[in-house]
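Participant: give me the fold of what follows.
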Amino acid sequence: MQKQETRGVAGRAFKTLIAGAAALSMALGPAAFGADAKPAPHPMGAAAVDGARLLAADAEPGTWMASGRTYSEQRYSPLTGINKANVSKLGLAWYGDIDTERGQESTPVVVDGALYITTAWSKVKAYDAKTGAKLWDYDPKVDPANGAVACCDVVNRGVAAWKGKLYLGALDGRLIALDAKTGKVAWSVQTTDPKQPYTITQVPRIVKGLVIIGNAGAEYTCRGYVSAYDAATGKLKWRFYTVPAAPGDPTNTPQLKSALKTWDGDFWKYGGGATAWDTILYDPKTDLIYFGTGNGLSWSQEVRSPKGGDNLFVSSVIAVKATTGQYVWHFQEVPGDEWDYDVTNPLMTADLKIKGQVRHVLMQAPKTGFFYVWDAATGKLISAEKFAPANWASKIDMKTGRPVENPDVRYTDDKAAIVQPAPLGAHNWHPMAYSPKTGLVYIPVTESSTGFQSAKPDTFQVKERVYNTGTVSFSDKITELYGKPGALPRGNIRSYLEAYDPIRQKEIWRAPDKDYGAHGVLVTASDIVFSGDWSGNFNAFDARTGQKLWSAPTQADVVAAPSTYTIGGEQYVALVVGARGLPPGQARTNPLSANNSRLLVFKLNASATLPQTPIAGSVAGKVLDPPLLTGTNEQVIDGEGAYGRFCAGCHGSGGVADKSIPDLRYSPALRNLTTWNSIVVDGTRADKGMVSFKKVLAEGQAEAIYHYIVSQANKAKAAQQASAKK
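Facilitator: Predicted coordinates:
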């Protein structure tokens, strides 16, 4: 018997079939729908989604058929059952414990009575959307070794539903079709070269019977591309590469042959990067698919393209024809990017009245801090202004579309630079939302800065399965810049939820976060914005003023975006929580997960509760207790460089973890160098995703990293003690 992992009202037996009411007439319009909206008349788990149903999504607003709800990906719900007058009565209806302590980033998809989520390690779970009873779960059995090349945790952002199947992009590069009723595999195809360190964390999109999927791995010798597969069979239909291959390569289209002229050196030997690792959007009005690309390989342009150049199609938004993948237009937001300014961040389409004319537009708030509005059909830039602080460019030239760069932010091996935003950006992958009622976009914003300096191009070597940024994060020159009067504070500065007017390009309000960290967003027709935070809360805000209307504890950090749906005349809001450790002062209460990973589902007047008794072995209240530093200064310095290249991508810059990966400064392995080497060199924890680094570490580097972490732990302990005396 399948083990039950849900609580609250989930203890009730679930029905295997539900009889839905007839679909509501589209003529009523979204404003007519409240909490009594009914789903389409399909049996539970049918996942009977097709293009016509997605186009008519507003006719059944009680469903959430795709990660972004509709093709426009506005994450706007027409539901009004939960409103400003009653939102204070929201309570927990049911929850389900999730059996992994890594990051949780998926948005629940709810269709035909069933709720579907993905979790870390590309697992899929299905629930009865009303009772919370577990229907089935699926584990693709991803090799833990793939965790070593997953840039930013082994996360997954959700499934796509289509004609009775669910589609999953697995971390190891597989695209998997599951039977929506049973969770059984219908077909599976490897979309990447398994010999290369590609990963997939994004949501597949389904367009006209084609499953569209990209990949990640731009720091790991990968060449970016987007592929389309037949949803019924898994057969490859088309592929669009985002950077050129070597001259004469048959995959170089006319556009890529032209792009080749914007590069220098033999970059293609190492893949080139520009992976399309998150946003993919289909627009029925233009019949185009849009996607953004990431950084080049390496980050340092001095290393990857010594004579400079725009390096197309790095950091670009690209539009292609839906059925063929044929190039239509592109817009490069960051020519010659060297700050990890991916523009894979969420895209959305909308109809905006600009200067008295209704324009069908494509919008994005990317890492760079500039909010872009383009004509969706042509890619012509309509406007671009800063939605967050940024020092790398002063403005966007409206004639050329190019940023007016600050020359001080370009760096070499002899010149350092302080750059804002830092690589995680002013807005990363976390979903934003747009309300056609308020005319505002709701953006999770983070402010940060970092220092850059290039590695020496004549000595730097690109290696497979290694984080090849070609940069150094700490140096005397960087420290000197941060020490100058008026310098930006290093690292994380602040975060907040921002309401932004895309027509006037103006901030309307912001709701500050108590603790730093971005979190996905949902907005409803009742002018409520839902979003979690890193303080362990799920919140509701007034969409017009930013006033906080309601809050409920989550016992976990929240990064994912919620969704909302109706069952039996009641409106529910569903959210997956658990990422990057625990909120300040929080204890572990989930017996299956150290970071309290869960699916939480709320409705009006519900009264289920989360457990309050801490579980033995709680990770809360960790104490820094490192051994004394015994390494030499030279070892610490060497360890700093090696850590930055081999470890920081998972364990955090400077040894300070900001993910659900362990903070090495607290590791018991610091007590014994032999234990440390058994993990780092011998791979004794490979089953947990910490594989052996023996093949890529030079002699003595594992020990040097050890001494560097011991040094960082002792510095942090001294700082804690000094702070306690004040």
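Participant: how about low-confidence regions in the chain?
Facilitator: 1-40, 617-622, 658-660, 726 (pLDDT under 70).
Participant: for this protein, which strand is longest?
Facilitator: Counting residues, the longest strand found in the chain (DSSP state E) is strand 440-454.
Participant: can you give me how far that strand is from the chain middle?
Facilitator: Relative to its chain's centre, strand 440-454 lies at 14 Å (CA atoms, centre = their mean, to the nearest Å).
Participant: now Tyr241. Nearest residue, chain neighbours left out?
Facilitator: Tyr225 (4.6 Å; CB to CB, 6 or more residues apart in numbering). To be clear about C-beta, it is placed using only N, CA and C from the backbone, and glycine gets the same treatment.
Participant: partners of the longest strand of the chain, with directions?
Facilitator: The sheet places strand 440-454 alongside strand 417-419 (antiparallel), strand 433-435 (antiparallel), strand 471-472 (antiparallel), strand 491-501 (antiparallel), with pairing taken from DSSP bridges.
Participant: adding distance to Ala616 and mean neighbour count, write these out as a markdown table.
Facilitator: Converted to a markdown table, these look like this (distance: least, CB to CB, whole Å; neighbours: other CB atoms under 10 Å):
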| stretch | distance to Ala616 | mean neighbour count |
| --- | --- | --- |
| strand 417-419 | 44 | 22 |
| strand 433-435 | 40 | 26 |
| strand 471-472 | 42 | 24 |
| strand 491-501 | 32 | 20 |
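Participant: just the helices in the stretch 601-726 of the chain please.
Facilitator: Applying DSSP state H, counting those that start in this stretch to the stretch 601-726 of the chain gives helices spanning 633-646, 648-651, 673-680, 701-725.
Participant: swap in the chain?
Facilitator: Ranges of helices in the chain, per DSSP state H, are 51-55, 254-260, 301-304, 476-482, 633-646, 648-651, 673-680, 701-725.
Participant: to Trp329, which of these lies closest?
Facilitator: Smallest distance to Trp329 across the helices of the chain (CB to CB): 10.2 Å, for helix 254-260.
Participant: quick one: contacts of that closest one?
Facilitator: Tyr241, Val243, Pro244, Ala245, Pro247, Asn252, Leu312, Phe313, Tyr327 (CB atoms under 8 Å, 6 or more residues apart in numbering).
Participant: counting neighbours, what do you get for the residue nearest to Asp266 when sequence neighbours are not counted?
Facilitator: In this structure, Asp266 finds its nearest non-sequential neighbour in Ala246, 8.0 Å apart by CB to CB, 6+ apart. Counted with other CB atoms under 10 Å, residues neighbouring Ala246 total 12.
Participant: check Pro140 too.
Facilitator: 18.
Participant: quote the end-to-end distance of stretch 256-265.
Facilitator: 16 Å (CA to CA, to the nearest Å).
Participant: now it, how far from the chain's geometric center?
Facilitator: Counting by CA atoms, centre = their mean, stretch 256-265 comes out at 29 Å from the chain centroid.
Participant: strands of the stretch 151-300 of the chain, start to end?
Facilitator: 160-162, 165-169, 174-179, 185-190, 205-207, 210-213, 225-230, 236-241, 280-283, 288-292 (DSSP state E, counting those that start in this stretch).
Participant: minimum distance to Lys437: which of those has it?
Facilitator: Among the strands of the stretch 151-300 of the chain, strand 280-283 sits nearest to Lys437 (CB to CB), with 21.1 Å.
Participant: my guess is Gly91 contacts Phe602. True?
Facilitator: Yes - counting by CB atoms under 8 Å, Gly91 does reach Phe602; the two are 6.5 Å apart.
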